[in-house]
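A.B. asks: The following comprises the amino acid sequence and a computationally predicted model.
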Amino acid sequence: MKPAICAVCGKFGSFEGDSIEFADYKPLPKDFDGHPEGFECFCNDHLEAARALAHLPSREAITLLRGQFDYPLDGPREPEPHCPQCSQRNWSHHDLAGQNELRGKVSWIAGRIAWIGYGVFLVGVLFFNLPWFQIYTLICLGALIAIIPAYFLAKRLESAIESQIHLCKSCGYVANGSQYAGALQQEEDGRAHTSNATIMT
């Protein structure tokens, strides 16, 4: 069974909502691991509208709902890696609630640190050219020594914040951003190696 993800907006994690059996619902055989066809989850923002379309097949209903609420009708068009569990290329991509906002705040902080560092550098150059204030150049230099690592630390923290998960719709396997990007890069490297080997022969 795949985790609770709103089929319209992609909201993931702890939220109020419910699942709906659409017209194409097919329960899984006993002791079969996976996610049943035609069985989708919705957050409370889209639940009532989804219930009104429960007489339709799930894909048709979800397409109508995404159009109704101005969400993208189709998935990403970039190349996708094979799922490490079932080897299918059938992914859906979902933002983690709150993580995008947190990543944006960290990015904003890193930007402010960069501007402060630039300002301190200019002030240090100005003080260096003024004989009575050259002592303050050392203060600016000390501040830069602290600011530069702080900037790189903020950028490292920004890149470490997972803002999206990737769900295999075929088997329910969940990959974080790093795992998904790593699998994609591994397949691209494999294709490049195969291509180079072909050229050499």
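C.D. replies: Happy to help now that I have it.
A.B. asks: Tally up the residues packed near Leu53, please.
C.D. replies: Neighbourhood size, Leu53 [other CB atoms under 10 Å]: 19. Placement of C-beta: from N, CA and C, glycine included.
A.B. asks: Might one say that it is in contact with Gly67?
C.D. replies: No. Look at Leu53 against Gly67 with CB atoms under 8 Å: they stay out of range, at 11.6 Å.
A.B. asks: All the strands of this structure, residue numbers only.
C.D. replies: Assigned by DSSP state E, the strands in the chain fall at 17-26, 37-43, 91-95, 164-168, 174-176.
A.B. asks: For Pro57, find the nearest of the ones you listed.
C.D. replies: Proximity to Pro57 (CB to CB) singles out strand 17-26 among these, at 4.2 Å.
A.B. asks: List the buried residues in that closest one.
C.D. replies: Neighbour counts using 16 or more other CB atoms under 10 Å place Gly17, Ile20, Phe22 of strand 17-26 among the buried residues.
A.B. asks: circling back: considering the strands of the chain, which stretch scores lowest in mean pLDDT?
C.D. replies: Note on those: lowest mean pLDDT is at strand 91-95, with a mean of 77.
A.B. asks: Please work out the angle formed by the directions of that strand and strand 164-168.
C.D. replies: Here strand 91-95 points in a direction 150 degrees away from that of strand 164-168 (axes from the mean of the first three to the mean of the last three CA atoms, to 10 degrees).
A.B. asks: Return the set of buried residues in strand 91-95.
C.D. replies: Using 16+ other CB under 10 Å as the test for burial, strand 91-95 gives Trp91, His94.
A.B. asks: possible to save the strands of the chain as CSV with distance to Pro84?
C.D. replies: Formatted as CSV, the strands of the chain follow (distance: least, CB to CB, whole Å):
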stretch, distance to Pro84
strand 17-26, 26
strand 37-43, 22
strand 91-95, 12
strand 164-168, 9
strand 174-176, 8
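A.B. asks: beta partners for the spatially most central residue of the chain?
C.D. replies: The centroid of the chain falls nearest to Gln164 when counting by CA atoms, centre = their mean (2.3 Å). Gln164 has these beta-bridge partners by DSSP bridges: Asp95.
A.B. asks: Please shift the residue numbers so they start at 2 in all later answers.
C.D. replies: Shifting the count to begin at 2 puts that one at Gln165.
A.B. asks: Mind naming the longest helix for this protein?
C.D. replies: Secondary structure of the chain per DSSP state H: the longest helix is helix 100-129.
A.B. asks: what sits in contact with each of Leu54 and Gly68?
C.D. replies: Both Leu54 and Gly68 lack any common contact, where contact means CB atoms under 8 Å, 6 or more residues apart in numbering.
A.B. asks: Thanks again, I'm all set now.
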